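Undergrad: could you look at this predicted model? Sequence included:
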Amino acid sequence: MMKSSLFDFDLPKARIALRPVSPREAARLLVVRANGQLEHRTVADLPMLLDSGDTLAVNDSRVIRARLQATRQSRRPETPDVPIEVTVHKRSGAGCYYAFAQPARRLRSGDRLDFAGGLTAEVVERSGPEVLLAFNRSGAVLDVAIAEIGAIPLPPYIMSQRETDARDDEDYQTIYADKPGSVAAPTAGLHFTPALMRRLLQKGIEKVHTTLHVGAGTFLPVSAEDIRDHRMHREEAWIAPEAATLLNECRRAGGRIVAVGTTALRTLESAAMADGTIPSFHAETDIFITPGYSFRAVDVLLTNFHLPRSTLFMLVSAFMGLDVMQTAYAEAIRREYRFYSYGDACLLFRPR
């Protein structure tokens with residue numbers, strides 16, 4: 001048994017970043033070497049820290065305006081209308097979405113939700129905090145309606161301290177965001193600017209696009225005492241044939257694959273074959289990477305600082321070793337690094 005309590009740590013509330021730094025590449029960067037040595041740099045130093053011939057694998061998913069406000073219209077006349085907040089996170093057919101509802105306990109199958117602009121949805125089913133909604137629109141028309149009335153779904157640890165605003169529409173997207181579908185940003189990519197990308201390319205470091213649509217389950221802590229009892233939400237991921245070719249060529253030439261974020265890493269590791277070859281890929285993945293996992297595709301990981309007991313802190317602990325990451329996080333807290341989505345970053349060089 002591997003207890004979830006092993007991945008717990010105390011984080012002062014003041015260390016949670018509520019806004020990104022400007023410019024983005026000015027964020028601090030904790031470099032963790034394969035031998036556990038720590039270096040304090042900035043993201044702007046990436047071209048000096050990586051080698052010519054390395055390849056960045058980024059996640060080009062775009063965050064949708066998934067957070068919607070509604071009023072429940074019950075079929076039972078004795079039951080009053082109730083305000084409901086809905087975060088859609090996974091499509092199910094042309095006109096249906098799975099969504100997290102707050103408060104979900106006030107919803108029953110058959111209830112109607114009224115949104116702004118004439119958009120409505122019927123609750124088809126509910127399981128805990130998750131509901132399946134059938135909307136009165138479908139396809140691209142539904143996407144447009146959600147984009148018009150929705151808000152960027154900032155993480156709960158930011159929403160508990162401030163509301164979203166117009167700045168988040170830009171701050172919470174990577175500069176290469178392209179394919180709409182995520183309800184959380186692949187936050188390691190938020191540190192890149194066009195100028196930093198140019199300097200990386202000039203160094204001979206290529207960029208390859210992958211896609212994983214990040215679900216709201218990314219914020220859920222592991223509540224099971226034994227982490228083997230935790231079940232990941234399934235997320236849709238892609239690696240195009242031309243991207244797979246470039247990644248495999250990088251490996252054959254002796255370069256390193258640098259995953260920009262845990263979502264890019266999970267996509268690559270979901271696709272990779274036993275010998276490390278990366279094929280083209282399109283599937284749902286629920287890969288859960290914990291200590292003991294044997295990495296096949298990724299050599300270096302750029303990632304933000306993650307929540308205690310989260311699947312993402314378990315992933316980085318698998319990548320570097322739990323003791324190393326506990327030491328690194330303790331040092332980051334002592335040095336007042338900024339944590340979570342809008343915070344600073346780590347560059348992790350995996351032990352061979």
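TA: Now that the structure is in, tell me what you want to look at.
Undergrad: low-confidence regions, this protein specifically.
TA: Low-confidence segments of the chain (pLDDT under 70): 74-79, 218-220.
Undergrad: dead centre of it: give me the residue that sits there.
TA: Ranked by distance to the mean C-alpha position of the chain (Cα atoms, centre = their mean), the top residue is residue 186 at 4.2 Å.
Undergrad: which residues touch that residue?
TA: For residue 186, the contact set (Cβ atoms under 8 Å, 6 or more residues apart in numbering) comprises 58, 59, 61, 174, 212, 214, 260, 261, 263, 264. (Glycine included, C-beta is placed from N, CA and C.)
Undergrad: I'd guess the last one is in a strand, am I close?
TA: When you say that, I think you mean residue 264. No - following the definition DSSP: H, G, I helix; E, B strand; the rest coil, residue 264 is helix and is not counted among the residues of a strand.
Undergrad: what distance do you get for it to residue 119?
TA: Taking Cβ to Cβ, to the nearest Å as the measure, residue 264 falls 33 Å from residue 119.
Undergrad: cool, the fourth one as well?
TA: According to Cβ to Cβ, residue 174 stands 28 Å off from residue 119.
Undergrad: the two: who's more crowded?
TA: The residue with the greater number of neighbours, taking residue 174 and residue 119 and applying other Cβ atoms under 10 Å, is residue 174; the counts read 23 against 20.
Undergrad: tell me the buried residues in stretch 111-119?
TA: Of the residues in stretch 111-119, 111, 113, 115, 119 count as buried by neighbour count, 16 or more other Cβ atoms under 10 Å.
Undergrad: helix, strand, or coil at the closest residue to the third one other than its chain neighbours?
TA: The reference is to residue 115. Of all residues beyond its chain neighbours, the one nearest residue 115 is residue 70 (5.0 Å), with distances taken as Cβ to Cβ, 6 or more residues apart in numbering. When the structure is reduced to helix, strand and coil (three-state DSSP), residue 70 reads as strand.
Undergrad: residue 70: neighbouring residues, count only.
TA: As a burial measure, the neighbour count of residue 70 was computed by other Cβ under 10 Å and equals 22.
Undergrad: for it, name its beta-bridge partners.
TA: Here residue 70 shows beta-bridge partners residue 84, assigned using DSSP bridges.
Undergrad: ok, it touching residue 87?
TA: No - proximity of residue 70 to residue 87 does not meet the contact threshold set by Cβ atoms under 8 Å, at 11.2 Å.
Undergrad: now the strands for the stretch 101-250 of the chain?
TA: Assigned by DSSP state E, counting those that start in this stretch, the stretch 101-250 of the chain shows strands spanning 112-114, 120-127, 130-135, 179-182, 206-212, 235-239.
Undergrad: now residue 168. Nearest residue, chain neighbours left out?
TA: Nearest residue to residue 168, sequence neighbours excluded (Cβ to Cβ, 6+ apart): residue 152, at 4.8 Å.
Undergrad: what is the burial count for the one you found?
TA: Burial of residue 152, expressed as a neighbour count using other Cβ under 10 Å, amounts to 21.
Undergrad: kindly report the same for residue 202.
TA: A count of nearby residues for residue 202, using other Cβ under 10 Å, gives 10.
Undergrad: which residues touch the closest residue to it other than its chain neighbours?
TA: Leaving aside its sequence neighbours, residue 202 sits nearest to residue 47 (Cβ to Cβ, 6+ apart; 7.7 Å). Applying Cβ under 8 Å, 6+ apart, we find residue 47 in contact with 196, 199, 200, 202, 203, 205.
Undergrad: out of the residues you listed, who's the most crowded?
TA: Each of the contacts of residue 47 was scored by neighbour count (other Cβ under 10 Å); the top score is that of residue 205, with 22 neighbours.
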